[in-house]
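[1] Whatever this is, show me its structure:
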Amino acid sequence: MIWVPMTTPQQPLVEIHDLHFAYGDRPVLKGLTLSIPRGKLVAILGTSGSGKTTLLRLLGGQLRPARGYVKVNGQVVHKLNTRRLYELRRQMGMMFQAGGLFTDLSVYENIAFPIREHTTLPESMIRDLVLMKLEAVGLRGAHNLATGELSGGMARRVALARAIALDPMLIMYDEPIAGLDPISLNAIAQLIRTLNDALGATSIVVTYDVSESLKVVDYAFFISDGVVVGEGTPQEIATSDNAFVHQFVNAEPDGPVAFDYPATPLEADLELMPSSS
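    Numbering: from 1, shown residues only. Sure thing, here's the model as predicted:
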């Protein structure tokens, strides 16, 4: 019998088709479609509230779409049973907004946690893996520190080390460089690029930071009003005549992205009730 793999290296690792999702009566994704090749570092760019973090939750199976699907490594995520979803998640790494470290655990224990949770490796091997991951982000000497002793940039690097603890095939980063000083910001961005290539992984960076993300990614998608409104390599984006992309990249106040949230005319809201006299 010839074994046929479920996927081939040429197939995208992530396929998203006609994805719809809403929080109650508020639609967030309205037919999102995109695919992410294996081994690439891809940015998902968009304004706050455009559905970037929601997309990551759908990728991880925390949310279920109203319509369409998210497929990872050939598997439709929302159709997996609990056991198979858990197995798929073992192959994913996640760096949360602001790091998401366990504040009651040391740096070492934060990295060791997913390894203990998902494997039966002996403590001696776990120790070696933790120190290797911390070495990769330049923090092996900080393994005994409490999380409260870390600077903002150091905390993000620890979170990055935890995200790659199990050598995942897919690494997801939710606003990994938001709020950092310029030096830490550049260091984290370069680490994401280096680790993606060293691990042979596929990485998705959700961010609104255009200038830094375009320095390191292979490809970028722009999301607005629940759909992809622009995409391309950094070189293509730099010369794009797409109105949304141009406004976003150049931080222009006027364009397809409105500053004001939709509302009735101010005069109507300010209109006084008629006098009863």
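[2] hey, where'd the strands end up in this protein?
    Secondary structure of the chain (DSSP state E): strands at 14-23, 26-36, 41-46, 67-72, 75-76, 92-95, 170-174, 202-207, 219-224, 227-232.
[3] Report all helices and strands that the fourth one contacts.
    Okay, so that is strand 67-72. Applying 3 or more CB pairs under 8 Å, 6 or more residues apart in numbering; DSSP states H and E, one finds that strand 67-72 contacts strand 14-23, strand 26-36, helix 52-59. For glycine as for every other residue, the C-beta is placed from the backbone atoms N, C-alpha and C.
[4] What are the buried residues along the shortest one?
    Neighbour counts over helix 52-59 (16 or more other CB atoms under 10 Å) mark Lys52, Thr53, Thr54, Leu55, Leu56, Arg57, Leu58, Leu59 as buried.
[5] With the longest one instead?
    Of the residues in strand 26-36, those buried under the neighbour-count criterion (16+ other CB under 10 Å) are Val28, Leu29, Leu32, Leu34, Ile36.
[6] Nearest to Arg116 among those?
    For those, the residue nearest Arg116 by CB to CB is Ile36; the value is 29.7 Å.
[7] Was I right to think that closest one contacts Leu13?
    Yes: counting by CB atoms under 8 Å, Leu13 is a contact partner of Ile36 at 5.9 Å.
[8] shared neighbours, these two?
    Shared contacts of Ile36 and Leu13 (CB atoms under 8 Å, 6 or more residues apart in numbering): Thr202.
[9] Next up, the contacts around the closest residue to Ala201 other than its chain neighbours.
    Once flanking residues are discounted, Ala201 sits nearest to Ile171: 5.3 Å by CB to CB, 6 or more residues apart in numbering. Applying CB under 8 Å, 6+ apart, we find Ile171 in contact with 92-95, 163-164, 195-196, 199, 201-204.
[10] need the longest helix for this protein.
    helix 182-199 (DSSP state H).
[11] the inter-axis angle of it versus strand 41-46?
    Per axes from the mean of the first three to the mean of the last three CA atoms, to 10 degrees, the angle that helix 182-199 makes with strand 41-46 is 130 degrees.
[12] helices and strands around helix 182-199, which ones?
    Applying 3+ CB pairs under 8 Å, 6+ apart, we find helix 182-199 packed against strand 41-46, helix 152-163, strand 170-174, strand 202-207, helix 210-216.
[13] by how many degrees do that helix and helix 152-163 diverge?
    Relative orientation of helix 182-199 versus helix 152-163 (the same axes, to 10 degrees): 10 degrees.
[14] now helix 182-199: how far from the chain's centre is it?
    14 Å (CA atoms, centre = their mean, to the nearest Å).
[15] got it, and stretch 14-24?
    15 Å.
[16] before we move on, what about stretch 142-149?
    That offset, for stretch 142-149, works out to 25 Å (CA atoms, centre = their mean).
[17] buried sites along it?
    Buried, per 16+ other CB under 10 Å, within stretch 142-149: Ala142, His143, Thr147.
[18] Please render those residues as JSON lines that adds distance to Val72 to the earlier fields.
    Output for the buried residues of stretch 142-149, formatted as JSON lines (distance: CB to CB, whole Å):
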{"residue": "Ala142", "distance to Val72": "33"}
{"residue": "His143", "distance to Val72": "32"}
{"residue": "Thr147", "distance to Val72": "30"}
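[19] hang on, the earlier thing: got the strands of the chain as JSON lines, with mean pLDDT columns?
    Converted to JSON lines, the strands of the chain look like this (pLDDT from 0 to 100):
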{"stretch": "strand 14-23", "mean pLDDT": "96"}
{"stretch": "strand 26-36", "mean pLDDT": "95"}
{"stretch": "strand 41-46", "mean pLDDT": "93"}
{"stretch": "strand 67-72", "mean pLDDT": "96"}
{"stretch": "strand 75-76", "mean pLDDT": "96"}
{"stretch": "strand 92-95", "mean pLDDT": "93"}
{"stretch": "strand 170-174", "mean pLDDT": "94"}
{"stretch": "strand 202-207", "mean pLDDT": "94"}
{"stretch": "strand 219-224", "mean pLDDT": "93"}
{"stretch": "strand 227-232", "mean pLDDT": "92"}
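[20] Fine by me, we can end here.
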